[in-house]
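**Student:** One predicted model, sequence on top.
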Amino acid sequence: MYLKRIEIAGFKSFADKTVIDFENSVTAVVGPNGSGKSNITEAIRWVLGEQSAKSLRGGKMPDIIFAGSDTRKQLNIAEVTVILDNSDHYLPLEYNEISVTRRYRRTGESEFFINKQSCRLKDIQELFLDSGLGKESFSIISQGKVEAIFSSKPEDRRGIFEEAAGVLKYKQRKKKAEQKLFETEDNLSRVQDIIHELEEQLTPLAAQSEAAKEFLRLKETLTQTDVSLMVAEIKTAKKDWDNKQAQLGKFNLELGKLSESIQEQESILAKQRKENAQADRLIEKNQQVLLDLSEKLKQTEGQKDVLQERTKHTQKSSQEYQTSLAEAQKKVKHFEKLQESLLKEAAEKETEIQKAEANLIKTQQELEKYQKSTKELLAELRDQYVDLMQEQAAVGNELKYLERQYIQETAKSKQTLAKQSEVEASVDRLILQKEELTQKQAQLKSSLTETKEKLEMIQQNGKKFQEVLAKEQPKMYQLMNQVQQLRARQKSLQEIQENYFGFYQGVRLVLQHKQQLSGIVGAVAELIDVPADFTLAIETALGGAAQHVIVENEKDARQAITYLKQQRGGRATFLPLTTIKPRQLPAHILTQAAAVEGFIGIASEQVSYPDQIQTVVQNLLGTILLAKDLTSANAIAQTIRYQYRVVSLEGDVMNAGGSMTGGANKRGNQGSLFVQNQELKQLTSEFEEADKQLQAQEKKVQELQQETARLAEEQEVLRTRGEQLRFEEQEATNQLQNIINELERFEKEKQISTFETRELQQFIEDYEKQTNELKDKQTDLESQRQKIDEEIKSLSQESDQMEARRAQVQSQKAQEQADLAVLKEQFNHLQIQLRGARVQKAEATERQEAIEKQLATLTADFSDHEVTEESLEKQINELSAQRETLKAELAKAKEQRDRRQKEIDKLEAVLAERNREQKARLSEQSKLEVQKDRAEMILDNHLTYLQSEYQLTFEKASQDYQETTDIEDSRTKVSSLKEQIEKLGPVNLNSIEQYEQVSERHTFLATQRDDLLAAKNQLFETMDEMDDEVRTRFKEVFEAIRQEFKIVFPNMFGGGKAELVLTEPTDLLKTGIEIEVQPPGKKLQSLSLLSGGERALTAIALLFSIIRVCPVPFCILDEVEAALDEANVKRFGRYLSDFQDDTQFIVVTHRKGTMVAADVLYGVTMQESGVSKIVSVRMEDINEEAKINETKV
């Protein structure tokens, strides 16, 4: 792998997009100080994941974006892309070429890409982890980092060795394992807490379970006694209500006759009152009309008086306006004459001004001819003469310089031609050797490529199978967990059903022992299948009948009852199939109900059941109607006259007889026998489906595991074969590369020679062209000089005459300017007078028009007043006649109203007497109604209590329970049972099931705790394995670098010795590293006592030692050899050449020795201020720059 290309845009001084292509060899980047060379190094460090702005020589991250210059605005985005040749798959990606891009905006937003796919910074850092190419690795070394190797502590110095040893990934894995260990301990703590909490719940739940069982026993006895008592109470209340209803019927008949008589009298009285009220309204209306007429008459007479007064005022105003109009007309004529006079005078002045301005322009033109004095012109000509003499001297000097340069370039060309002949002979010899090795290398590469392709194909297949396996295994575990949960819930519900939890004690005992008893078919609730939407309605309709036990015949029922008595196991209701008869609704009732909106159907038709129990279902549900909601149920019950029960889907009931039952149970449907049956069926179906999926998934995972193992074996065989071919191919490549390097070196020399020859030819052409141009320029300059000399002589003679004429023209111009100013002032004054005359004329004209308009208005008003006055006089006469007629009609109507009022008073006296009689009878009726309502309320209370408490109708209770003969004794027994239940306190009826669930959960969590403990121990083992791996790798690599350092150091220094020493050899995870050196001719001493050059050379020796042990694809060295002398720089250059077979070097340098060792040169300049550019570099410039920098060092 090697660095193929870098693309920089907007990063620091690289404002424009810059692309640098690198060869897999030594590349040198050169340029003057401040040109931006090191920005290339920092761009590579930044794109590889550097996060510190200080490490990039900035204060904050926005400083890396181009900040602008004198000629350019600042940019808002920086972007760097490196393209790596990954054909050897050095990095763990499938691509042969990898591009890594980092983009930063001035707003603070960052973007990262691998092969143009968006990713995280973490992904880039992990890609280069332990590759030797990280942002802090030894692949990027600057002069500051060289100093850091010596100034840092021994413990900090081990970082570069860890990078070389490739142990950072193990340290990161250990860190992840530690994090996972923390999470495991946290999960373990939570599980322990839950287990402790469950253990605290188990003891009280056991006690609650026992209390719940006792509660159910007492509740069963209470139900038997209380329902029997209610049956007797309801019969007594019904009898009382029937008696009161009969008395009310008789009383209501008598009261009806009296009411008819009163209604007849009230009808006559109402008619009389209506006629009298109409008469009152008519009188009132006529009175109001009379008042309105009087008021209108008064208003009309007032209007007449006002109008007469206005007519007088109009006549007087008209005379005044006539006088004002005459004055306004006179003023308008005066201002018209004044305006004409002023316009004529202004035109004359304007003509005079135009003539004066024309004369002034002529004078100004003549004056400009003499504006410059002769002395000034002479001075200018003499200055031009001196400039021409100086320019002639400069052209002569330039001709001499070109002549000397021509002689030097001609001598250099002869040396270049001799060297070029020697190079061509060597090239021919090497080409023959190259062809032989190329053929051998091609054969090896073909075999290696074929092996690689097979390996890549198998690796891709293996990766695909692993990815699929990674996706499918969690699905399998998820299905396992789902099946376990469904199995546990199914088992819990099955146990509830098998033990008949939720049934009354007597029912449960019979069902549990139905094998010992004969003819037991089962309970109604377990034999009927109810759709989910009808669960609440059917459960309400059945009430307690849901727990009735169906038996074959009466004998079986008697046997079961005898068994319950013997066991003292409670009571139960039995339904013998031989005695139970079906019940059904009359056809007309069903027709009436079906016509009501919201009707659903008969309850028995909405459920499923075995044919064997059809008669029982028809008996229990055949006469019960179902409705959509309470409103619909109420409407249906009214339609069928409350003869049958109607139940809504929400469980509200319209009972036969008209009573209503409804509301909500606190527990909802929880514990419902029907809901339990539905849930068990659903769980069974879900369990079977999940189990089927699990079996299929387990088979799929097993097949994937087998195929993954087979592909792994094939990979290992191909990998071994590939390594052998790669070794053989590498040997051939190394030999071929040596020849290629020689050829490239000779080719470079040929290029330099060709370049120098071409440069010389260009120089000769430029020399001849520039010489001719300079000679032509000399001739032209001489001609100009002679011309100026003649002008100076001529101008000296005309000087006195020109000065006198200029003074005369200047005086004439001043007089003409004064005359023109006077004329303009007079013209402006006339314009002001003219504007005033126009304004006064406009005001007078406006005043005249306003007066004329007002006169026209007054004339029209006077005519209108005469017409209006005649109309008002006519209205006054008509209104007076209407008022007198209305007074006569009003007197007659009042007389008729008084006569009718006397008849109304007589009728009201008779009606009052009959109303008193009715009131007395209504009082007696009300008492009877209260007594009847009290009896009805008692009846409804008992029926409601029976329904809400036991979900029973009176008819059902009468059938299933025997009426008590001693009501008082039953009441005492009920109170006693309720006291016993109350003493039990709050009872958790779910505690039995809860106790079993909590116990099962406790067992499950205990198993989970054991699994977590095992995982914790496994994590500790993993962390120990990571530490062992780090120790082993670190020790091996450190020892290899140490031995190599002993060899490289004396080679670099030309003698001496060096040693790497561990500060804590027994603790390889934390030990620091000391560097002990002894330069030739000196004693062993610490690094701080070495000179700057010695320290730099030591660091470079250490770097080369590390690279020899752990080669990296490429290495960037930023002025690391700046402190070395010339001899050491040459050694440094030779080492670069030796290592370039395994490592690509990119060197930022000023030193000539390093440049000579480079295969490719790039120059960085700032042709535009503040903006770096990559340009071609001439060898002469490189040599010159190297000399300058060596002088600085």
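**Tutor:** Done, it's in.
**Student:** And the contacts of stretch 283-292?
**Tutor:** The set of residues external to stretch 283-292 that reach it, using C-beta atoms under 8 Å, 6 or more residues apart in numbering, is 883, 886-887, 889-890, 893-894, 897. Where C-beta positions appear, they are placed from N, C-alpha and C, glycine not excepted.
**Student:** Need the three-state assignment for I1146.
**Tutor:** Under DSSP: H, G, I helix; E, B strand; the rest coil, I1146 falls in the strand class.
**Student:** isn't it right next to L1117, touching?
**Tutor:** Yes. Contact between I1146 and L1117 holds when scored by C-beta atoms under 8 Å: they sit 7.4 Å apart.
**Student:** Next, work out how far apart P610 and Q584 are.
**Tutor:** Applying C-beta to C-beta, to the nearest Å, one obtains 19 Å for the distance of P610 from Q584.
**Student:** Can you show me the helices along the stretch 1-150 of the chain?
**Tutor:** Here the stretch 1-150 of the chain has its helices, by DSSP state H, counting those that start in this stretch, at 37-47, 121-127, 143-151.
**Student:** Just to check, S958 is in contact with A232?
**Tutor:** No. When contacts are counted by C-beta under 8 Å, S958 is not listed as touching A232 (10.3 Å).
**Student:** who touches S632 in this structure?
**Tutor:** By C-beta under 8 Å, 6+ apart, the residues touching S632 are 596-599, 648.
**Student:** so I981 makes contact with R217?
**Tutor:** No. The criterion here is C-beta under 8 Å, and I981 misses it with R217 at 10.1 Å.
**Student:** so where's the stretch 1-150 of the chain uncertain?
**Tutor:** Within the stretch 1-150 of the chain, the segments meeting pLDDT under 70 span 130-132, 134-138, 143-150.
**Student:** any chance you could map the strands in it?
**Tutor:** Listed in chain order, the strands found in the stretch 1-150 of the chain under DSSP state E, counting those that start in this stretch are 2-9, 18-21, 26-30, 77-85, 97-105, 110-114, 117-119, 140-142.
**Student:** Could you list every helix and strand in contact with whichever strand or helix holds A957?
**Tutor:** Assessed by DSSP states H and E, A957 sits inside helix 954-960. In terms of contacts (3 or more C-beta pairs under 8 Å, 6 or more residues apart in numbering; DSSP states H and E), helix 954-960 is packed against helix 168-369, helix 799-950.
**Student:** can I see the domain layout of this protein?
**Tutor:** What the record gives for the chain is the domain set 1-139+1119-1193, 503-670, from automatic domain parsing.
**Student:** Which one of those domains lies nearest to Q459?
**Tutor:** domain 1-139+1119-1193 (8.0 Å; C-beta to C-beta).
**Student:** G651 falls within a helix, correct?
**Tutor:** No. G651 is assigned coil when assessed by three-state DSSP, not a helix.
**Student:** Could you pull up the contacting residues of it?
**Tutor:** G651 neighbours (C-beta under 8 Å, 6+ apart): 536-537, 539-540, 662.
**Student:** Out of those, which comes closest to R719?
**Tutor:** Ranking those by separation from R719, with C-beta to C-beta as the measure, puts L536 on top at 70.0 Å.
**Student:** Over to the closest one. Which of the three states is it?
**Tutor:** Assignment for L536 (three-state DSSP): helix.
**Student:** okay, now it: neighbour count?
**Tutor:** 22 (other C-beta atoms under 10 Å).
**Student:** could you measure it against R487, distance?
**Tutor:** When distance is defined by C-beta to C-beta, L536 is 29 Å away from R487.
**Student:** One more: L417?
**Tutor:** Distance, L417 to R487, by C-beta to C-beta: 97 Å.
**Student:** H1150 too?
**Tutor:** Summarising the geometry, the distance separating H1150 from R487, computed by C-beta to C-beta, is 79 Å.
**Student:** Who has more neighbours out of these two?
**Tutor:** A direct count of neighbours by other C-beta under 10 Å for H1150 and R487 places H1150 higher, at 22 against 14.
**Student:** And the pLDDT at the more buried one?
**Tutor:** According to the per-residue confidence, H1150 scores 82 in pLDDT.
**Student:** secondary structure class for it?
**Tutor:** When the structure is split into helix, strand and coil by three-state DSSP, H1150 lands in coil.
**Student:** count of residues packed around A633?
**Tutor:** Count around A633 with other C-beta under 10 Å applied: 29.
**Student:** For it, which non-adjacent residue is spatially closest?
**Tutor:** Excluding its sequence neighbours, the residue lying closest to A633 (C-beta to C-beta, 6 or more residues apart in numbering) is A627, at 3.9 Å.
**Student:** who does the one you found bridge with?
**Tutor:** Each beta-bridge partner of A627 is listed here: F599, S648, as defined by DSSP bridges.
**Student:** Hmm, M230 is touching T944, no?
**Tutor:** No. In terms of C-beta under 8 Å, M230 does not count as a neighbour of T944; the distance is 10.5 Å.
**Student:** Have a look at these two and say which one is more surrounded.
**Tutor:** Using other C-beta under 10 Å as the criterion, M230 and T944 rank with M230 on top: 24 against 15.
**Student:** ok, now how distant is that one from T965?
**Tutor:** Between M230 and T965 the distance, using C-beta to C-beta, works out to 14 Å.
**Student:** so the nearest residue to A545 once chain neighbours are set aside is in which element?
**Tutor:** Excluding the flanking residues, the one nearest A545 by C-beta to C-beta, 6+ apart is L620, at 5.2 Å. Taking DSSP H and E as the criterion, the element that holds L620 is helix 614-621.
**Student:** buried residues in that helix?
**Tutor:** Judged by neighbour count using 16 or more other C-beta atoms under 10 Å, the buried positions of helix 614-621 are 615-621.
**Student:** What's the mean pLDDT across it?
**Tutor:** pLDDT averaged over helix 614-621 equals 91, rounded to a whole number.
**Student:** which residues touch that helix?
**Tutor:** The set of residues external to helix 614-621 that reach it, using C-beta under 8 Å, 6+ apart, is 524, 528, 538, 541-542, 545, 548, 550, 575, 577, 580-584, 602-604, 607, 609.
**Student:** From the residues you listed, list the buried ones, please.
**Tutor:** Buried members of the contacts of helix 614-621, counted by 16+ other C-beta under 10 Å: 524, 528, 538, 541-542, 545, 548, 550, 575, 577, 580, 602-604, 607, 609.
**Student:** Quick check: of these, which lies closest to E1121?
**Tutor:** Nearest to E1121, judged by C-beta to C-beta, of the buried ones among the contacts of helix 614-621 is I538 at 96.4 Å.
**Student:** pretty sure C119 is touching S110, no?
**Tutor:** No. Using C-beta under 8 Å, C119 is not in contact with S110; the gap is 11.5 Å.
**Student:** Just the mean pLDDT for stretch 1039-1055, thanks.
**Tutor:** Per-residue confidence for stretch 1039-1055 averages out to 85 on the pLDDT scale.
**Student:** still on that earlier bit, report the buried members of the contacts of S632.
**Tutor:** Listed as buried from those are 596, 598-599, 648; burial here means 16+ other C-beta under 10 Å.
**Student:** okay if I get those residues as a markdown table plus pLDDT?
**Tutor:** Putting the buried ones among the contacts of S632 into a markdown table (pLDDT from 0 to 100) gives the following:
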| residue | pLDDT |
| --- | --- |
| V596 | 89 |
| G598 | 91 |
| F599 | 92 |
| S648 | 93 |
